[in-house]
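[1] Structure for this input, please:
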Amino acid sequence: MKNDRKCILLTVIIFLFIGVSHPTFAQGNDKTQVGSASWYGSKYHGRKTSSGERYNKNDMTAAHKTLPFGTKVKVTNPANDESVILRINDRGPFVGNRIIDVSEAAARKLDIHEEGVARVKVEVIEEPGKAATASTGGAKAASYTIETGAYTDHQRAYALSQKLKAFDKHLPLEIVEERVRGRKVVRVKAGKFQDKREAEAFNELLAEDGLAGKVSEA
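    Model prediction:
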């Protein structure tokens, strides 16, 4: 009886150790990872990353051990519900069981700059080179964009596009002029997403800077 009790207690301890000490993936979702994040800043500013790019501590980028370069991830700090969209352009971190190394700018946005290391959730929202065609018939799959503004002149549309570029310099932008009931309408469309949920997640981040728009099919 005593031996059985010891076995049960040992099993529980091992389970708790694994659950607390190692990064985990959300059940049934191999695109969501939970674990510790760290950040790197001035010491590496200007150095080449593993992708060949120069590291810029002010860019919204991150290092990950396995995700392909160019992958976009949504990183959330559950302690304050702050989120950022980051592009993977480096390898790491290689310390302990940390799952991601974010840029200094991202660390400040997530409010983990002072802590140095914090628990986060990492969600893959856009994969590079993902097939844009459906599995049957070669038909083109639906894609989504965010219409962030509609104006009567190009000047205001351009001003908005610059704000969006400041938010994410790698964000694809399109300024389209249309005629609606005989009147000129200049629309600003941001991003090219292969999944509606990806577009909505990015739109939520734009909302924090007052730049949100309407998600629609591209």
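[2] List the buried residues for stretch 111-126?
    For stretch 111-126, a neighbour-count test (16 or more other C-beta atoms under 10 Å) marks 112-113, 118, 120-126 as buried. The C-beta positions use only the backbone N, C-alpha and C, and glycine is treated the same way.
[3] Dump those to JSON lines, plus secondary structure and distance to D101.
    Shown next, in JSON lines, are the buried residues of stretch 111-126 (DSSP: H, G, I helix; E, B strand; the rest coil; distance: C-beta to C-beta, whole Å):
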{"residue": "I112", "secondary structure": "coil", "distance to D101": "11"}
{"residue": "H113", "secondary structure": "coil", "distance to D101": "13"}
{"residue": "A118", "secondary structure": "strand", "distance to D101": "12"}
{"residue": "V120", "secondary structure": "strand", "distance to D101": "11"}
{"residue": "K121", "secondary structure": "strand", "distance to D101": "16"}
{"residue": "V122", "secondary structure": "strand", "distance to D101": "11"}
{"residue": "E123", "secondary structure": "strand", "distance to D101": "17"}
{"residue": "V124", "secondary structure": "strand", "distance to D101": "16"}
{"residue": "I125", "secondary structure": "strand", "distance to D101": "18"}
{"residue": "E126", "secondary structure": "strand", "distance to D101": "19"}
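[4] from those, which two are the most distant?
    Using C-beta to C-beta, these span at most 25.4 Å, a distance reached by H113 and E126.
[5] backbone phi and psi for A190, please?
    phi -120, psi 130 (degrees, to the nearest 10).
[6] Now do it against V122, distance only.
    Computed as C-beta to C-beta, to the nearest Å, the A190 to V122 distance reads 23 Å.
[7] what does T66 give?
    On the measure of C-beta to C-beta, T66 and V122 end up 11 Å apart.
[8] Would you map out the domains in the chain?
    According to automatic domain parsing, the chain comprises the domains 24-126, 144-217.
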